[in-house]
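Undergrad: No sequence on hand, only this structure:
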């Protein structure tokens, strides 16, 4: 994915709505079977038949209403609860002995589905409201409620409130997770842009400062100004205030930065396809070979996804830049590429003076993030590792390891 992270999320409560849909259908069948087996006890069976026929029609017609929270409106919830309460209160009319034998109501446990819809839609407060009305209707229907009646009423009341509370907790957790994913995506984008700035603009400014100081005169003033801008930009990068926009690949001149906004979805898809294509890492690293850089490669192609290969090559380039800047122009460097069964390992070694202990932490504190961002940051985004070993007076070795199947596309990093 080029230039941005795509996060696909499914609501954690959606399975609960699907379960509620199935529950309403199954409990409808259960209520119909209870009425069928007990039809001989009904003094007015036509009341039970009429209500259950309406209940069946209502349940089937309103199935889309309980598919998700958006379609389950307050108006529907109110009407659904009225249907459940009406069925409870009609029970003594169909069965005159219902108040005395403590039998099931006409809607039976279908009523709990109406209460659960309140719980899923509005949480435990809505569930408490609906279950309280159902409890009152059951007590009125019984006339002289028994211990079993109070037990069943309390069970529905507690269960619905508990489910409503769980739904509220799930929603809060989902919001927290979504926010964390957004922050992670924004952080990765800032780090990606900071790496591009470090590898292009900051390097050019540092070069202008060095050359200007060496030339003297008006060039020295230009070098001084370039140095000030370098410090200001390093401070901006290290403070995390870099905007999350996209920086283009380095231009032929090495100093042109382009901000791209409003990328189309089609362009993203094309870029993603390009990132998935494999390329030979050796061709990207061979350009570094020269009189001061020795390059050792396997005899067979070292294939990686194009995006991952470019990011790994950029990390190698950053390591060589550090050799030129800190080890001196006379330092010798070696690049070794190893194609292992499950990973590609690139080692960059030099014969320079090495890195004094604590120097990397000091450089990061000063806003010089070459190792932290251009090397370790890139490898971290690829799901790999970057190990740096340095002994004062014995040179420095950087080992870059990228798994064959990386956790993320390199396009998200460049």
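TA: Thanks, I have it. Fair warning: this is a prediction, and the values are worked out from it, not measured in the lab.

Undergrad: Check which helices and strands the lengthiest helix in the chain is in contact with.
TA: Looking across the chain with DSSP state H, the single longest helix is helix 147-197. Contacts defined by 3 or more Cβ pairs under 8 Å, 6 or more residues apart in numbering; DSSP states H and E place helix 147-197 against helix 110-122, helix 124-142, helix 218-238, strand 246-247, helix 378-381. (Glycine included, C-beta is placed from N, CA and C.)

Undergrad: hey, least reliable of these by pLDDT?
TA: Lowest mean pLDDT within the helices and strands packed on helix 147-197: strand 246-247, a mean of 36.

Undergrad: quick one, the longest helix of the chain and helix 110-122 angle?
TA: 30 degrees (axes from the mean of the first three to the mean of the last three Cα atoms, to 10 degrees).

Undergrad: State the mean pLDDT of helix 147-197.
TA: On average, helix 147-197 scores 76.

Undergrad: ditto for stretch 330-347
TA: Rounded mean pLDDT across stretch 330-347 is 90.

Undergrad: And the strands in the chain, which stretches?
TA: Assigned by DSSP state E, the chain shows strands spanning 246-247, 259-260, 278-280, 293-296, 303-305, 333-339, 343-350, 385-390, 396-403.

Undergrad: before we move on, the earlier item: could you dump the helices and strands packed on helix 147-197 into TSV and include distance to residue 348 and mean neighbour count?
TA: Listed next are the helices and strands packed on helix 147-197 as TSV, based on distance: least, Cβ to Cβ, whole Å; neighbours: other Cβ atoms under 10 Å:
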stretch	distance to residue 348	mean neighbour count
helix 110-122	57	25
helix 124-142	59	20
helix 218-238	23	16
strand 246-247	24	19
helix 378-381	12	22
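
Undergrad: any idea of the pLDDT on residue 358?
TA: Reported pLDDT for residue 358: 61.

Undergrad: and if you look at residue 18?
TA: Predicted confidence (pLDDT) for residue 18: 90.

Undergrad: what about the closest residue to it other than its chain neighbours, how many neighbours?
TA: Of all residues not flanking residue 18 in the chain, residue 67 sits nearest, at 7.8 Å (Cβ to Cβ, 6 or more residues apart in numbering). Neighbour count of residue 67, defined by other Cβ atoms under 10 Å: 15.

Undergrad: same deal with residue 74?
TA: Residue 74 has 11 neighbouring residues, counting by other Cβ under 10 Å.

Undergrad: again, but for the one 4 residues further on
TA: Other residues within reach of residue 78, judged by other Cβ under 10 Å, total 11.

Undergrad: Return the residues in contact with it.
TA: By Cβ atoms under 8 Å, 6 or more residues apart in numbering, the contact set of residue 78 is empty.

Undergrad: What separation do you get for it and residue 173?
TA: The gap separating residue 78 from residue 173 is 29 Å, by Cβ to Cβ, to the nearest Å.

Undergrad: Among the strands of the chain, single out whichever gets nearest to residue 186.
TA: Between residue 186 and those, the shortest gap by Cβ to Cβ is with strand 246-247, which sits at 13.3 Å.

Undergrad: just to revisit the earlier point, tell me the pLDDT of the residue nearest to residue 18.
TA: At residue 67, the model reports a pLDDT of 88.

Undergrad: And it, its phi and psi?
TA: phi -80, psi -30 (degrees, to the nearest 10).

Undergrad: Does it touch residue 16 like I think?
TA: No. The pair residue 67 and residue 16 fails to qualify as a contact (Cβ atoms under 8 Å) at a distance of 11.4 Å.

Undergrad: shared neighbours, these two?
TA: Between them, residue 67 and residue 16 share no contacting residue, judged by Cβ under 8 Å, 6+ apart.

Undergrad: quick one: which of the helices and strands packed on helix 147-197 is nearest residue 293?
TA: It's helix 378-381; of the helices and strands packed on helix 147-197, that one is closest to residue 293 (Cβ to Cβ) at 19.6 Å.

Undergrad: in the stretch 251-400 of the chain, which spans are helices?
TA: Assigned by DSSP state H, counting those that start in this stretch, the stretch 251-400 of the chain shows helices spanning 265-276, 281-285, 306-322, 359-365, 378-381.

Undergrad: what's the answer for the stretch 1-150 of the chain, then?
TA: 14-37, 45-61, 74-94, 98-101, 110-122, 124-142, 147-197.

Undergrad: Pick the most buried one from the ones you listed.
TA: Compared across the helices of the stretch 1-150 of the chain, helix 110-122 shows the largest average neighbour count, a mean of 25 (mean count of other Cβ atoms under 10 Å).

Undergrad: tilt between that one and helix 124-142?
TA: Note on geometry: by the same axes, to 10 degrees, helix 110-122 and helix 124-142 are set 160 degrees apart in direction.

Undergrad: which helices and strands does helix 110-122 pack with?
TA: helix 14-37, helix 74-94, helix 124-142, helix 147-197.

Undergrad: wait, what's in contact with residue 333?
TA: 292-294, 320, 323, 327, 348-351.

Undergrad: Any chance of these in TSV with distance to residue 26 as columns?
TA: As requested, the contacts of residue 333 are exported to TSV (distance: Cβ to Cβ, whole Å):
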residue	distance to residue 26
292	77
293	72
294	73
320	68
323	71
327	74
348	65
349	69
350	72
351	76
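
Undergrad: Adding neighbour count and distance to residue 63, write the residues you listed out as TSV.
TA: Converted to TSV, these look like this (neighbours: other Cβ atoms under 10 Å; distance: Cβ to Cβ, whole Å):
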residue	neighbour count	distance to residue 63
292	16	74
293	19	69
294	14	71
320	20	65
323	23	68
327	21	72
348	26	63
349	19	67
350	25	70
351	15	75
